[in-house]
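**Q** fold the following and give me the result.
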Amino acid sequence: MKLQDILEKVDQQSKKRVAVAQAADKEVLTAVKHAIEHDLANFLLVGEESEIQRIAEAVELDLSDKRIELKHVSDQSLTATEAVKSVSEGYADVVMKGQIDTKLVLKAVLNKDYGLRAGKVLSHVAVFEVPNRERFVLLTDSGMNITPTLEEKAQIISNAVEVANGLGIELPKVAPLAAVEVVNPTMPATVDAAALTQMQKRGQIKGCIVDGPLAFDNAVSIEAANQKGIQSEVAGQADILLVPAIEVANALYKSFVYFAGAKVAGVISGAKAPIVLTSRSDTAESKLYSLALALLTSKEN
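**A** Numbering: from 1, shown residues only. Reported below is the predicted structural model:
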């Protein structure tokens, strides 16, 4: 499957609304333009109205389209507040970050009065289309949790499973990564991986198959797994790679993009609604795919 294919999977009959915080950004508005062309969603563009209009004209986005609504907010931090409030109040279904600091969006998301916390860990799920691979690779967590605990890792898996389900992967295979394939008490990542495996087998983690610890090569390559004699339902065919720490995910994420030439979509999962939290340097294409991913995982209010 290609990331382009997920555009076709978005339900166009019950169209959702996306609230964009600080929408005055060329790549963001280009992504909005492409989303409108594919009839994916309606949009609430929050920010400095004159700037949004100026950039929209430059990218040939028609702001008179009935699927687009503007809300003038000049204060940058308040654009995140307004976008998040529109979702918590049921007017919108997805929050999308525009030309604004991530911390301002997350501050609004975590606000006790109008935020989107659902009592779960929030985690970033990246979906990669890697050249010459037939299946998507989901990587988590590269953007939120630094050194998650065992309990947090279990919730991060559940968040990733929800995203995988949105992509049509009904029973995703999860590989908790470590440097080796055996449990070593001096390597906490291997101990957690073994515990997560048992938790899934006993029904504490649902909707997936977990097996680990697995090194990266054995998680994604059947040949590598066979060479080491690893018998596993997950080895060589993992859908979800669960990392032990954010540094591992960060390195893998950038290696996939810069060395493997992968395309990527990403979403924050675990909140009451999906959050598109792409980097300001991401292309319009990546933002479009991330938006489609969020729409696929969004539930009806």
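
**Q** buried set for the longest helix seen in the chain?
**A** For the chain, the helix that runs over the most residues, judged by DSSP state H, is helix 150-166. Of the residues in helix 150-166, 152-166 count as buried by neighbour count, 16 or more other Cβ atoms under 10 Å. Backbone N, C-alpha and C define where each C-beta goes, glycine included.

**Q** can you check stretch 136-152 too?
**A** 136, 137, 138, 139, 140, 141, 142, 143, 144, 145, 148, 152.

**Q** start to end distance for that stretch?
**A** Start-to-end span of stretch 136-152 (Cα to Cα, to the nearest Å) is 24 Å.

**Q** what of stretch 59-74?
**A** OK, stretch 59-74 end separation, Cα to Cα: 21 Å.

**Q** contacts for that stretch next, please.
**A** Residues from elsewhere that reach stretch 59-74, judged by Cβ atoms under 8 Å, 6 or more residues apart in numbering: 15, 26, 29-30, 32-33, 36, 39, 41-49, 52-53, 56, 79, 82.

**Q** which of the residues you listed count as buried?
**A** 29-30, 32-33, 36, 41-49, 52, 56, 79, 82.

**Q** from those residues, which land in strands?
**A** 41, 42, 43, 44, 45, 46, 47 (DSSP state E).

**Q** residue 128: which of these is nearest?
**A** Checking those against residue 128 by Cβ to Cβ gives residue 41 as the nearest, at 23.0 Å.

**Q** please report the distance of that closest one from residue 34.
**A** Separation of residue 41 from residue 34 (Cβ to Cβ, to the nearest Å) stands at 11 Å.

**Q** and residue 61, by the same measure?
**A** For residue 61 relative to residue 34 (Cβ to Cβ), the value is 10 Å.

**Q** got it, and residue 206?
**A** 35 Å.

**Q** please identify which of the two sits among more neighbours.
**A** residue 34 (20 against 10; other Cβ atoms under 10 Å).
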